[in-house]
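*Asks:* Here's a sequence, model it:
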Amino acid sequence: MYLLDKVTKIDEERNQIRSYLIEDGQINYVTSSFDKWNKKRVSMSGILMTNGRIMYDDELLASKDFQGFQDRQSYLIKKGCTGVAVAPSVQYEREIEAVFKRAKHAMASSTLDYVVGMTIPISLLRPAVLRVFQQFRIPFVRVEFQSFQQLTTIPWTHISQTLLTYPTVLIPVIAPSSDRLEAALLKEWMVYCSDFQIHTTDPLEVLACWKKPLLQKVGLYPNKGTMLQGSDADYLLFIDEREGQVHSIDQKVAQGDGIVYYKKEPVVVVLKGEIVKTYETISLKPGYGRLIEVIRPGRFMSLQDVSADVYQQENYS
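*Replies:* Okay, here's the model as predicted:
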């Protein structure tokens, strides 16, 4: 057990001084100050902290051998990734169980925590298939399509009803085409999802850091991607390059200055309380990562979050 004392925490919503009590890889307590703590205390003066990054990667499972797998993980950790989302492809319903088990087996030697989704052609988007995904607690599914006609053939009402028990997030994957057609297809997808109250999001970008709304929809929040009491102790540390100058915390993370910290390579990467990167040194721990089993996607979304989600989808209409 140790205390991260008075660190400058920067994130999307607010930026302030916080102290974190870390125990057994989780955040035990969060406070603005902990002056009476008389055990192990780590001074964080001159240090900036952000949440560990959750990212989607389409190359990790494609690694040809163990060394390639390790090299890709090192690259992800260098980017500040502490949790990786993978989504192997299936073409037929009968393949789902085998593909899911192969993905879990391949990720068993992972240093990073991981969540397993699936990638399917839109022809597989039907209630029976979704129930199989629910059986294996697969929280997000990437759906490949390329035409308006494909969208009209989907039994949207039955899809919506099936997703009431386990609201898997459906994420569009639009086949390469003209930018205008791709935008029109995405808009139509969003309209359908809004009309039938289905959780969705924009197409996933490889190695893009997931924001809070997506973490909530998929069901990773608040275990991952945040630093609250009970969250995993996943965090990134940066040297405050403006230390010694008089600036408020808000100024440190203002547009055009602090936003650099969301793109920069972290100096230190910590996963569940264990250091996996220090400067240029990556410390892989095969088998340390665990499968994140999502009990129910979207279970910590407030009514305000849901309303904002619907509003965002309606902007496409």
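*Asks:* So in the chain, which helix runs the longest?
*Replies:* Taking DSSP state H as the criterion, the chain has its longest helix at helix 179-195.
*Asks:* Mind pulling up the pLDDT for I96?
*Replies:* Here, the pLDDT recorded for I96 equals 97.
*Asks:* quick one: low-confidence parts of the stretch 1-150 of the chain?
*Replies:* Within the stretch 1-150 of the chain, the set of residues satisfying pLDDT under 70 comprises 12-14.
*Asks:* can you give me the strands in the stretch 201-317 of the chain?
*Replies:* 235-239, 268-271, 274-278, 281-282 (DSSP state E, counting those that start in this stretch).
*Asks:* which stretches of the stretch 151-300 of the chain have low pLDDT?
*Replies:* Within the stretch 151-300 of the chain, the segments meeting pLDDT under 70 span 242-262.
*Asks:* all helices of it, in order?
*Replies:* With DSSP state H, counting those that start in this stretch as the criterion, the stretch 151-300 of the chain has helices at 156-162, 179-195, 212-218, 249-252.
*Asks:* Please name every helix or strand in contact with the second one.
*Replies:* In terms of contacts (3 or more C-beta pairs under 8 Å, 6 or more residues apart in numbering; DSSP states H and E), helix 179-195 is packed against helix 148-152, strand 169-174, helix 303-314. The C-beta positions use only the backbone N, C-alpha and C, and glycine is treated the same way.
*Asks:* repeat that for 6 Å
*Replies:* Packed against helix 179-195 by the contact rule (3 or more C-beta pairs under 6 Å, 6 or more residues apart in numbering; DSSP states H and E) you find strand 169-174, helix 303-314.
*Asks:* one step back: take the helices of the stretch 151-300 of the chain and write them to a markdown table, including distance to S45 and mean neighbour count.
*Replies:* Formatted as a markdown table, the entries for the helices of the stretch 151-300 of the chain read as follows, by distance: least, C-beta to C-beta, whole Å; neighbours: other C-beta atoms under 10 Å:
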| stretch | distance to S45 | mean neighbour count |
| --- | --- | --- |
| helix 156-162 | 52 | 16 |
| helix 179-195 | 46 | 16 |
| helix 212-218 | 28 | 22 |
| helix 249-252 | 14 | 15 |
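*Asks:* before we move on, back to that, select, out of the strands of the stretch 201-317 of the chain, the one closest to D113.
*Replies:* Relative to D113, the nearest member of the strands of the stretch 201-317 of the chain by C-beta to C-beta is strand 268-271, separated by 7.2 Å.
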